[in-house]
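> Turn this into a model:
(chains A and B, ligands or ions: 2)
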Amino acid sequence: MASAFWCIVEDDRQGAPKKVMAEVLGAASRLGGGPVEAVWLTDKASDAGLKQLGEWGAGKVWLLENAGLAPYRSEVWAGALADLAAQQSPRAIFGAVTSRQRELVARLAARLGVGLAADCVALAMNGDTLVATRPVYAGKLIARVTWAKGPWVATLRPNVFRPAEAQPGKTAAVERPAVSLPPAVMKFVERREEVSTGLPELTEAEIVISGGRGMKGPENYVILEDMGRVIGAAVGASRAAVDAGWRPHRFQIGQTGRTISPKLYLGFGVSGAIQHLAGMRTSKIIVAVNKDAEAPIFKIADYGIVADLFEVVPELTKEFKKLLEK
Amino acid sequence: MKILVAIKQVPDTATQVKVGADPRLIDTAGITWIVSPYDEFAVEEALRIKEKRGQGEVVAVSLGPERVKEALRSCLAMGCDRALHLNDAAWNGADTLATARALAAVIKQEQPQLVLCGRQAIDDDMGAVTAQLAELLGWPCASWIMEEAVDAEGTTVRAARQVEGGLEVFDLPLPAVLAAQKGLNEPRYPTLKGIMGAKKKEIRDVKAADLGLGAEPSQLSVVGLEALPPRPPGRIIQGDVPTAVKELVRALREDAKAI
Ligand SMILES: Cc1cc2nc3c(=O)[nH]c(=O)nc-3n(C[C@H](O)[C@H](O)[C@H](O)COP(=O)(O)OP(=O)(O)OC[C@H]3O[C@@H](n4cnc5c(N)ncnc54)[C@H](O)[C@@H]3O)c2cc1C
Ligand SMILES: Nc1ncnc2c1ncn2[C@@H]1O[C@H](COP(=O)(O)O)[C@@H](O)[C@H]1O
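Ligands and ions are numbered 1, 2, ... in the order given. Predicted coordinates:
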């Protein structure tokens, strides 16, 4: 069938699709341009995972389950996906902006000889073609882009698209197509896990707390982590804090760090430089605490408090605790 | 060992960017142009590999209009040995695939053992060219690398790429393509000697026909650019800290429903 909208499954490497899949499947369904199908490349799928994809609206799951698919290597995955796409001619292929898929989908588009729109924040059908909206120039402008031919290949920014509501009992037909894997060229050496903070991952978190140079030193981030534990937030930092060596690079938010789009962003002692905004300005609600009333972050904040963060943070943690214990 | 670095010239992040008279393009008046910051990490890493091995050649390549020479010149000042400028109207409006095709063609001619790119160009913010280059060349690639080490024989590169929750380390047989992430290194500033020396180094113009390529329409095209819709005006919460904090928590729960 030449009309399907494919959503490549991002999973937790343990057999469960990540929550961003509800967003990708939801976005594809709302376009109404054709049947929505999931394509799952994995070494181990689970029944619960397949059920989940059905409930999120996938009419069919193309399941490529093979030990050779772990760990992820772009040369193996892109080849297998391109073969399946050549057999099935989907109308569109969507991925999520994750470390694997942003690379995989780019490689796939090159293999298929079609256009790629990465990091989209909106999608719309315009008659018979798809138009995608994506931030450019560090989020200073928005570009609307379109494809010369299909399949339309795109990646979607997490936390931006409204997730599909789970429909209990709805199931997906599972197909296990015959696809041979290209040989792996890269040799896996090791995976180095980060020391876990016990807090959510920055790009996946629904709430992000960010500490800037106003935090004054690495030792003070514990007060942000305390708040993080209370409200289930990730803790990030500005580049000034990262460059000072207070936080590892992986926590940097902004143009040269991570792009986040949480439901709630809370910035403490962050001035709101354009490069920081580039990484967080699509956050839904922005809160800023800064002792300088002129700090540019107040220009984009929904709520601001002009005060010393060291007075505000403990008080705020206390109030959050009270609220959430109710 | 020959290393090729792909660099893109982009507007400085601090300058204002406005939609131009043609709403598909930006207004370039008054823009300061720089080498995309991630590409500077790539240049630095290439120079370090060469220095560590005590021999080799680092070639900077960029696709873009005439002004791109300036960006290539600053890579030469950092220490690159020579530069190639893919400079042809056929590439106007090139999307990532058209760019990758042109770069792949020049790479086939140059035959480097390693190609370094940046994580993403900070104008189109696609982060796609690296993987697309790898696909077109049939080479392995690793994106968002935080560390790399080329073995003594120059046959393999070990690269650590940043993923959610950690680093994944792979051995890639050369030739391969790597994309630099911030944290890989600290780029050097050109020295005065470097800047003087760069004036004598070669920047060779390359036309589409030199690569056996014709004009090809881009697969992805921009319909229009728009300024960001303004956020609704925010609210500064007044009062002493305990009062303001209580009001903030109330507003987050009841008005914004964000917690
Ligand atoms: C190419 C390039 C890329 C960049 N990429 C990034 C990026 O990815 N991410 C990023 O963040 N930056 C980036 N930057 C840097 C950016 O320009 C800023 O320098 C940086 O964001 C500033 O960090 P900051 O807000 O923490 O520090 P500052 O600008 O120093 O601001 C500190 C703020 O804290 C406030 N403050 C101090 N003490 C207190 C207190 N006790 N209570 C309350 N408030 C207090 C001050 O009023 C001030 O507003 C980039 C720059 C360049 C040139
Ligand atoms: N026009 C170009 N000339 C040379 N290299 C480029 C060009 N465009 C992109 N690249 C390289 O590809 C990387 C990713 O770019 P992009 O996919 O456009 O975000 C950049 O960091 C550069 O290393």
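> doesn't residue B:68 make contact with residue B:91?
No: the criterion here is CB atoms under 8 Å, and residue B:91 misses it with residue B:68 at 10.8 Å. Heads up, the C-betas are built off the backbone N, CA and C, glycines and all.
> need the longest strand for chain B.
strand B:141-150 (DSSP state E).
> check whether that one contacts ligand 2.
No: judged by CB under 6 Å from any ligand atom, strand B:141-150 makes no contact with ligand 2; its nearest approach is 9.4 Å.
> so after that strand, what's the next helix or strand?
Sequence-wise, the next helix or strand downstream of strand B:141-150 (DSSP states H and E) is strand B:156-163.
> helices or strands up against that following strand?
Contacts defined by 3 or more CB pairs under 8 Å, 6 or more residues apart in numbering or on different chains; DSSP states H and E place strand B:156-163 against helix A:99-112, strand B:141-150, strand B:166-173, strand B:176-180.
> Residue 231: how many residues sit nearby?
Reading this off chain A. By the criterion of other CB atoms under 10 Å in any protein chain shown, residue A:231 has 20 neighbours.
> you looked at the wrong chain, it should be chain B
13.
> Count the neighbours of the closest residue to it other than its chain neighbours for me.
Leaving aside its chain neighbours, residue B:231 sits nearest to residue A:300 (5.4 Å; criterion: CB to CB, 6 or more residues apart in numbering or on different chains). A count of neighbours around residue A:300, defined by other CB under 10 Å, yields 20.
> Could you check the pLDDT of residue A:300?
On pLDDT, residue A:300 comes in at 95.
> unless I'm mixing things up, it is touching residue A:286, no?
Yes: the criterion here is CB under 8 Å, and residue A:300 meets it with residue A:286 at 5.9 Å.
> how far away is the residue nearest to residue B:231 from ligand 2?
For residue A:300, the distance to ligand 2 (CB to the nearest ligand atom, to the nearest Å) stands at 25 Å.
> what's near enough to touch that residue?
A:272, A:277, A:281, A:286, B:231, B:234 (CB atoms under 8 Å, 6 or more residues apart in numbering or on different chains).
> in chain B, what residue is nearest ligand 2?
Nearest to ligand 2, among the residues of chain B, is residue B:118, at 2.6 Å (CB to the nearest ligand atom).
> quick revisit: overlap in contacts of residue A:300 and residue A:286?
B:231, B:234.
> could you dump the helix or strand residue B:83 falls within to PDB, C-alpha only?
Assigned by DSSP H and E, residue B:83 belongs to strand B:82-86. Extracted as PDB, the C-alpha positions of strand B:82-86 are listed here (Å, rounded to 0.1, in the frame of the first residue of the first chain):
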ATOM      1  CA  ARG B  82      44.800  23.800   2.100                       C
ATOM      2  CA  ALA B  83      41.200  24.400   1.300                       C
ATOM      3  CA  LEU B  84      38.600  23.500  -1.300                       C
ATOM      4  CA  HIS B  85      35.800  25.800  -2.100                       C
ATOM      5  CA  LEU B  86      32.700  24.200  -3.700                       C
END
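> same for that strand, what does it pack against?
For strand B:82-86, the elements it packs on are strand B:57-63, helix B:68-78, helix B:96-110, strand B:203-206, judged by 3+ CB pairs under 8 Å, 6+ apart.
> swap the cut-off to 10 Å and go again
strand B:2-6, strand B:57-63, helix B:68-78, helix B:96-110, strand B:203-206 (3 or more CB pairs under 10 Å, 6 or more residues apart in numbering or on different chains; DSSP states H and E).
> What is the end-to-end distance of stretch A:295-311?
Across stretch A:295-311, the terminal residues are separated by 18 Å (CA to CA, to the nearest Å).
> Contact distance from ligand 2 - what residues of chain B qualify?
B:6-8, B:36, B:38-39, B:42, B:61-64, B:96, B:99, B:117-118, B:120-121, B:124, B:126-130.
> Repeat the analysis, applying 5 Å as the threshold.
Proximity of chain B to ligand 2 (CB under 5 Å from any ligand atom) is limited to residues B:6, B:8, B:39, B:62-63, B:96, B:99, B:117-118, B:120-121, B:124, B:126-129.
> Would stretch B:184-199 count as contacting chain A?
Yes: Stretch B:184-199 is in contact with chain A by CB under 10 Å from any CB of the partner chain, via B:184, B:186.
> Can you give me the buried ones in that stretch?
B:184-185, B:187, B:190, B:194, B:198 (16 or more other CB atoms under 10 Å in any protein chain shown).
> gap between it and the chain center?
18 Å (CA atoms, centre = their mean, to the nearest Å).
> same check, this time on stretch A:157-167
With CA atoms, centre = their mean as the basis, stretch A:157-167 stands 11 Å off its chain's centre.
> Stretch A:315-326 too?
Taking CA atoms, centre = their mean, one finds the center of stretch A:315-326 at 28 Å from the center of the full chain.
> Please apply the same query to stretch B:145-158.
The answer for stretch B:145-158 is 21 Å, by CA atoms, centre = their mean.
> What of stretch B:178-188?
Centre-to-centre, stretch B:178-188 and its host chain are 11 Å apart (CA atoms, centre = their mean).
> got it, and stretch B:78-90?
14 Å.
> Endpoint to endpoint, that stretch covers what distance?
For stretch B:78-90, the first-to-last residue distance is 30 Å (CA to CA).
> mean confidence for it?
Averaging pLDDT along stretch B:78-90 yields 97.
> Kindly report the same for stretch A:208-215.
Stretch A:208-215 shows a mean pLDDT of 98.
> That stretch near chain B anywhere?
No: in terms of CB under 10 Å from any CB, no part of stretch A:208-215 sits within range of chain B; the closest distance is 11.7 Å.
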